[in-house]
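# Next input, structure requested:
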Amino acid sequence: MPTKDTPGLTQKQRLLKTFLTECEQAGRTFTMDEVAAAAGYSPKSVRAYKSLGYLASVIVTVSPGVLRACGVAKMDDTEFQRAISQSNKVKDIGYRCKNQLAKALTHKSRDNAILALSIYNNPTITNRIDGFAMLFCAAWEQLMKAMIIEENGESAIFKPLVSGRLRESIAFTTCLDSIFPQPQDRRNNDSTRKNLERLRLLRDEATHLLVHEIQSPVSRLFQACVLNYDRMFKSFAGTRFLPEVGPGQLILLYGETSKPSAINLQRLYGKEIGDEILNLFNTIERDIEEINDPTFAIKVFHKLVLEKEKGESKPDIKLTTLETANRDAVVVNRPKNDDELFPYFASNAHTEINRLLQEKLSRPDYEKRVKHSNRQSIHFNRHDFICIVDKLGWRNDTEGANGFHRCSKTTPKSVTHKYSQVGIEFIVEHIIKQDSYLHNARKSYAHKKRKTVT
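Model (predicted):
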């Protein structure tokens, strides 16, 4: 008679372990009713445990109704208890599979998918695009073969055996035709299939073109491929391949968002390959636009919304374009740097003012406002500009609060004065409105200079 049970292992679990060990060592198959009778469980309970995957690590299905023990003979009591424990709430990957090879392929498929993601999401790996394409193709192929085995048996994934050669399995495209049958009208082709066809093309025919410059459209294909795989894996295996991570965050979308230039590509890779890379980029972007389906390539758009407290339906602030905004909208202008806001120096501001005056005034009106009694030439010059700036006192406004002038220290003892387009137009407007505006500014500046000398 057995001695006291090992701590943690119940009597029924011990009887089940003994029965399965004996069957495995003898190479004998059994039924669910035999399991129930040997361990003292009700047949209904044993079937429930099997369907929920709690026995998937120790019992495999040979054929309908016929079972076989797997790996129990090498387990100690602690390992056996962990393998069948319901408290872990963790189902073995592929627990639904009736065929052991299908289960193994499901495991390998998951491993390759995770490896592909870890490579692509590592920014230090420069060849992550082709690495992902190869590994995720393998993940999809193994998953599809597992599905084919479950449906049609192991022989369905193997080619006829050729004497003297290793047994070969069917190709990726054959698996694709089995799981995603090609319709007669290609326009109605499944977008998931199109995504996988593109992935295979990148792996088999365009590996030399998978450079980081095409990450922008390719990463959208890859993300859709991951989401498609996650749905298919869950449907077949009963669990997500990465349950601890939200499927929408499985891949990092990064890289250049702008289209690479032909000149830059040719400089980096030569004319022939550079043109091929650009053609691939354009082809993928065109396919994404034409197919317009998230199962082929995910859509990427930006939207800024500041939400209210939880439970509120509408946001307090929403970013929109001027064309679609209502009359109560607040216009937010794009921030500009000083070079854009204040593009003029004293050395070139007078040239722009002179141009605008000649453009807006007739020749007599221009000469009337600009002519200087002590000058032979008639034009608005740098000295005239300094006279007006001094009269307006812009250089006293060091903060640029009026929007006309900004000063900055280039060195501890050197100050640079810059002027805005608004300031230029302000001066032009006043010269046009007041005939003597420039003459008065000249007199004011000359008087100040004489007073300073005295």
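# So which residues of the stretch 251-400 of the chain form helices?
Here the stretch 251-400 of the chain has its helices, by DSSP state H, counting those that start in this stretch, at 262-269, 271-291, 338-341, 346-360, 363-370, 382-392.
# closest one to Asn152 among the ones you listed?
Minimum separation from Asn152 across the helices of the stretch 251-400 of the chain (C-beta to C-beta) falls at helix 271-291, 30.4 Å. C-beta: built from backbone N, CA, C; applies to glycine.
# ok, residues contacting that closest one?
191, 194, 198, 206, 208-209, 211, 213-214, 217-218, 220-221, 259-260, 262, 265-269, 296-297 (C-beta atoms under 8 Å, 6 or more residues apart in numbering).
# Just the buried subset of these, written out for PyMOL, thanks.
Burial among the contacts of helix 271-291 is assessed by 16 or more other C-beta atoms under 10 Å; the matching PyMOL selection reads:
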select buried, resi 191+194+198+206+209+211+213+214+217+218+220+221+260+265+266+269+296+297
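# moving C-terminal of the longest helix along the chain, what's the next helix or strand?
If you go by DSSP state H, the chain has its longest helix at helix 128-152. Remark: after helix 128-152, the chain's next helix or strand is helix 172-179, criterion DSSP states H and E.
# what comes up buried for the helix or strand following that next one?
Per DSSP H and E, the first helix or strand lying C-terminal to helix 172-179 is helix 191-204. Judged by neighbour count (16+ other C-beta under 10 Å), helix 191-204 contains these buried residues: Ser191, Thr192, Arg193, Lys194, Asn195, Leu196, Glu197, Arg198, Leu199, Arg200, Leu202, Arg203.
# Same question for stretch 163-173.
Those would be Ser169, Ile170, Phe172, for stretch 163-173 by 16+ other C-beta under 10 Å.
# And that stretch, how far out from the chain middle?
Centroid separation for stretch 163-173 versus its chain: 37 Å, with C-alpha atoms, centre = their mean, to the nearest Å.
# How about stretch 217-237?
For stretch 217-237, the distance to the chain centre is 13 Å (C-alpha atoms, centre = their mean).
# which regions of the stretch 351-454 of the chain lie under the pLDDT threshold?
397-402, 410-412, 453-454 (pLDDT under 70).
# Strands of that one, start to end?
For the stretch 351-454 of the chain, the strands defined by DSSP state E, counting those that start in this stretch cover 405-411, 414-419.
# could you dump the ones you listed to JSON lines with mean neighbour count and distance to Val60?
Below are the strands of the stretch 351-454 of the chain laid out as JSON lines (neighbours: other C-beta atoms under 10 Å; distance: least, C-beta to C-beta, whole Å):
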{"stretch": "strand 405-411", "mean neighbour count": "14", "distance to Val60": "77"}
{"stretch": "strand 414-419", "mean neighbour count": "16", "distance to Val60": "80"}
